[in-house]
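[1] quick one, fold the following:
(chains A and B)
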Amino acid sequence: MRKLMSQYNRRILIFCLVVVVIAFTSYTFVMRWLLIRQLDADLQDEKDEIVALVTKDHAFPEPSNFRGQIVNYQTISAYQHTKVSTEYMPIRFLKSDPLELHLCRQISFTAQLKGQLYLVKVIRSQDETESLILVLILCSVFIAIALFGGILVYNQYLLRDLWSPFRKMIDQLADFKIRERKPWQSIDSNIIEYDALNTAIGKMTENAIADYNAQKSFTENVSHEIHTPLAIIRSQLELLLQIDHLKETEATQIANALDGTNQLARITSSLLLLTKIENHQYIVTTRLSLNTIVKSCLAQYQSLLQSRNIDVQTAAHAVAWVEMNQALAEILIGNLIRNAIRHNRNDGFVLITIERNKIVLSNSGNPVKSDTKSLFQRYFRESAAPNSFGLGLAIVKEIAKQYQLTIDYKFDHDIHILTLAW
Amino acid sequence: MKILIVEDEFTLAKSIASYLHDNAYFCTVANDYYSGLELLHNQYFDCIILDLGLPGGSGLELLRILKEEARTDGVVIISAKNALDDKLLGLQLGADDYLTKPFHLAELKARIDAVLRRKKFDGKSVITFDCLELDTSNWTVMANKQLVELTRKEFELLMYLISNKDRVVSKGALVGHLWGDEMDTFDNYDALYTHIKNLRKKLEIATSQDYIHAIYGLGYKFSIV
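    Reported below is the predicted structural model:
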């Protein structure tokens, strides 16, 4: 693939070259032909003069050889046709000249004088003609070179200039991320095509962003809407709990219904958070230490971990400095630690290793069905599924994506190992 | 205590009023902005439970009006939105607390109690229940003037239960209060049982009474009988 400019240059120059070669060649030939024709006309004139003189005066004209013309007479026995030809011959046009090889144009004809046939040759030098042609050729070549050189150089600037709005548009398009919702910056140009392109792109991006916004706010709105009926359900159930002399079966039913609402509440708030993160509502970043966040998060769950007899160790080999939004960092670490606790068994352990550019969370696993492992692994390759594993980790994944962090998950010998790196 | 509930969702408003109702609390309900405004103009309340998305005007507007008039009524905002901006704005405008829907009724009660305590005693306050005295400024409990050694979490648990005395509080609400709603899962209930067990033991030793009653394993009731 080549740049348009080089394609253009190549094709234009080849075309010009062909045209120029044809033009200048034909021009040269035409010129030459014209010059020789002129020469021939002159020779013809000389012949006519001589013939006229012979007819009138019955004598050959005085030898008037000048530089450039020689007339010589030769007796012949038979009539010969008039001939015009070009020959190289060793002659001298003036007595003072040395004998040299000249290119000559000669006309030879038969004239009769006093009963004797003579072959008259009028010879003219073609040197000047040839010199002229040579100069013409040189000029042509020079013009061609100048033309091509000029075109090449000028094209560079011209095309760069003309293409510059287009290139600006390409750069902006390459940079366009619908999630950022940056409106299209119009490129000013007085060229119709660029203007049309600019308008079209502007409209297209505007529509795309509007659609995206509509989708996002739809998700946000639906999640909001769900909260109110959810609040009603939960409040009613919690009031039911207050009934005196509740039977055990009834109490269990109410408790199950409550569990359902709790799960629903978690799912919708996770969904809402995900949407907000995707909507870049958490933009401000600060330099912060993940070590601090890990510590405070663990402190929050300390009593919980103690009650479940889960041993927590933090091995901080360095300070993990990152440039992130504070709230998002807390959510990220919080979710990871909560998972490490949730999917842990009693009397298990949690080990957090902190390096300068990665954090590794390892925890003992719940002795649950064997497809936990594949579920976890499958989770990371697929999009979030709204189950107890899914959304918390979907949020983690979304935050990681925003700050170009990598997540690696392994499940080995009943131990979950999750590595966060940047 | 006079409580005003400004909430347009009728069922929810009624549920809150039902739950709060006892000898100490008297609840009034307003279902929209203008009725709320009218009630506020006519009387003072100890605590206002304010929903933000009201027909006729935003709850934040009512809050602004209260602030302009330099009112001292306590305000707990309840809102379906969990927007950080709304929270900050609400607290800046003088709200005492902000609770996102859906919430546990027990949690709302605990927050209201906290606001009322702050309003009445400017920080230092003592909660009494039977022979128990909880000092919220230094997290200590006295039973019959004798100190009871409780961990911080046990103290929080006790305070929560006392706030919701004579009411059945679900496990979910308890775990949510102690460790956040995300921890509301099966495995973590074990931790709750342990805390309850320890608290019960300590209280029994200190007071010879068992205030904590288990309700079929779905929750607890804190009461004298």
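
[2] packing partners for the helix or strand hosting A:Gln172?
    When secondary structure is defined by DSSP states H and E, A:Gln172 falls within helix A:127-175. Counting contacts by 3 or more C-beta pairs under 8 Å, 6 or more residues apart in numbering or on different chains; DSSP states H and E, helix A:127-175 packs against helix A:4-57, strand A:100-113, helix A:192-240. Quick note: C-beta positions are derived from backbone N, CA and C, even for glycine.

[3] so for chain B, which of those sits nearest?
    When the helices and strands packed on helix A:127-175 are ranked by distance to chain B, counting by C-beta to the nearest C-beta, first place goes to helix A:192-240 at 3.6 Å.

[4] check which helices and strands the following helix or strand past that closest one sits against.
    Toward the C-terminus, helix A:192-240 is succeeded by helix A:248-278 as the next helix or strand (DSSP H and E). In terms of contact count using 3+ C-beta pairs under 8 Å, 6+ apart, helix A:248-278 is assigned the packing partners helix A:192-240, helix A:390-402, helix B:171-179.

[5] dump these to JSON lines, plus mean neighbour count and mean pLDDT.
    As requested, the helices and strands packed on helix A:248-278 are exported to JSON lines (neighbours: other C-beta atoms under 10 Å in any protein chain shown; pLDDT from 0 to 100):
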{"stretch": "helix A:192-240", "mean neighbour count": "16", "mean pLDDT": "87"}
{"stretch": "helix A:390-402", "mean neighbour count": "20", "mean pLDDT": "80"}
{"stretch": "helix B:171-179", "mean neighbour count": "23", "mean pLDDT": "91"}
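
[6] just put those helices in CSV and tack on distance to A:Arg105.
    Shown next, in CSV, are those (distance: least, C-beta to C-beta, whole Å):
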stretch, distance to A:Arg105
helix A:192-240, 59
helix A:390-402, 88
helix B:171-179, 116
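
[7] what is the neighbour count of A:Thr25?
    By other C-beta atoms under 10 Å in any protein chain shown, 12 other residues sit near A:Thr25.

[8] my read: A:Arg356 touches A:Asn291, true?
    No. Contact between A:Arg356 and A:Asn291 fails when scored by C-beta atoms under 8 Å: they sit 10.7 Å apart.

[9] between these two, which is the more surrounded one?
    Comparing A:Arg356 with A:Asn291 by neighbour count (other C-beta under 10 Å), the higher total belongs to A:Asn291, at 18 against 10.

[10] run through who's touching the helix or strand where that one lies.
    When secondary structure is defined by DSSP H and E, A:Asn291 falls within helix A:290-300. By C-beta atoms under 8 Å, 6 or more residues apart in numbering or on different chains, the list of residues contacting helix A:290-300 from outside reads A:305, A:312, A:314, A:316, A:319-322, A:329-330, A:333-334, A:337, A:352, A:354, A:359, B:179-180.

[11] check stretch B:197-209 too.
    The set of residues that contact stretch B:197-209 without belonging to it, under C-beta under 8 Å, 6+ apart, is B:130-132, B:143-144, B:146, B:148-151, B:154, B:157-158, B:210-212, B:224.

[12] 10 Å instead, please
    Contacts with stretch B:197-209, where a contact means C-beta atoms under 10 Å, 6 or more residues apart in numbering or on different chains, come from A:307, B:130-132, B:141-144, B:146-151, B:153-155, B:157-158, B:161, B:210-214, B:220, B:222, B:224-225.

[13] ok, residue 47 - contacts?
    No chain was given, so I picked chain A. Residues counted as contacts of A:Lys47 (C-beta under 10 Å, 6+ apart) are A:71, A:82, A:84, A:107-109, A:111, A:120-122.

[14] correction: the question concerned chain B.
    Residues near B:Cys47 by C-beta under 10 Å, 6+ apart: B:1-5, B:20, B:25, B:27, B:73-76, B:96-97, B:111-113, B:115-116, B:119.

[15] again, only using 8 Å
    By C-beta under 8 Å, 6+ apart, the contact set of B:Cys47 is B:1-4, B:73-76, B:112, B:115-116, B:119.

[16] how about those in CSV, adding secondary structure and distance to A:Pro61?
    Formatted as CSV, the entries for the contacts of B:Cys47 read as follows, by DSSP: H, G, I helix; E, B strand; the rest coil; distance: C-beta to C-beta, whole Å:
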residue, secondary structure, distance to A:Pro61
B:Met1, coil, 147
B:Lys2, strand, 146
B:Ile3, strand, 143
B:Leu4, strand, 140
B:Asp73, coil, 139
B:Gly74, strand, 139
B:Val75, strand, 134
B:Val76, strand, 135
B:Ile112, helix, 141
B:Val115, helix, 139
B:Leu116, helix, 144
B:Lys119, helix, 142
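
[17] just the buried ones out of those, please.
    In terms of neighbour count (16 or more other C-beta atoms under 10 Å in any protein chain shown), the buried residues within those are B:3-4, B:73-76, B:112, B:115-116.

[18] name the nearest of these relative to B:Ser170.
    Within the set of these, B:Ile112 lies nearest B:Ser170; the separation is 18.0 Å, counting by C-beta to C-beta.

[19] specify the beta-bridge partners of the nearest residue in space to the closest one that is not next to it in sequence.
    Nearest-residue entry for B:Ile112: B:Cys47, 5.3 Å, with adjacent residues in sequence omitted and distances by C-beta to C-beta, 6 or more residues apart in numbering or on different chains. When bridges are taken as DSSP bridges, the partners of B:Cys47 come out as B:Ile3, B:Gly74.

[20] ok, and what's touching the strand or helix carrying B:Phe155?
    Counting by DSSP H and E, the element that carries B:Phe155 is helix B:152-163. Surrounding helix B:152-163, the residues in contact under the criterion C-beta under 8 Å, 6+ apart are A:303, B:106, B:109-110, B:113-114, B:127, B:129, B:132, B:134, B:136, B:139-141, B:150, B:169, B:174, B:177-178, B:195-196, B:198-199, B:202-203, B:211-212, B:220, B:222.

[21] how about A:Leu271: what's its closest non-neighbour residue?
    Among residues not flanking A:Leu271 along the chain, A:Ser223 sits closest, at 5.2 Å (C-beta to C-beta, 6+ apart).

[22] how about the helices in chain B?
    With DSSP state H as the criterion, chain B has helices at B:10-20, B:33-42, B:59-68, B:84-92, B:105-121, B:152-163, B:171-179, B:186-207.

[23] send me the helix or strand of chain B with the lowest mean pLDDT as CSV with only the CA atoms.
    Every helix and strand in chain B was compared by mean pLDDT, DSSP states H and E; the lowest is helix B:84-92, with a mean of 79. Provided in CSV are the C-alpha atoms of helix B:84-92 (Å, rounded to 0.1, in the frame of the first residue of the first chain):
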residue,chain,number,x,y,z
LEU,B,84,-22.6,10.9,44.8
ASP,B,85,-23.5,14.5,43.8
ASP,B,86,-26.9,14.1,45.3
LYS,B,87,-25.5,12.8,48.5
LEU,B,88,-22.9,15.6,48.8
LEU,B,89,-25.5,18.2,47.9
GLY,B,90,-27.9,16.8,50.4
LEU,B,91,-25.4,16.8,53.2
GLN,B,92,-24.2,20.2,52.2
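
[24] perfect, that will be all.
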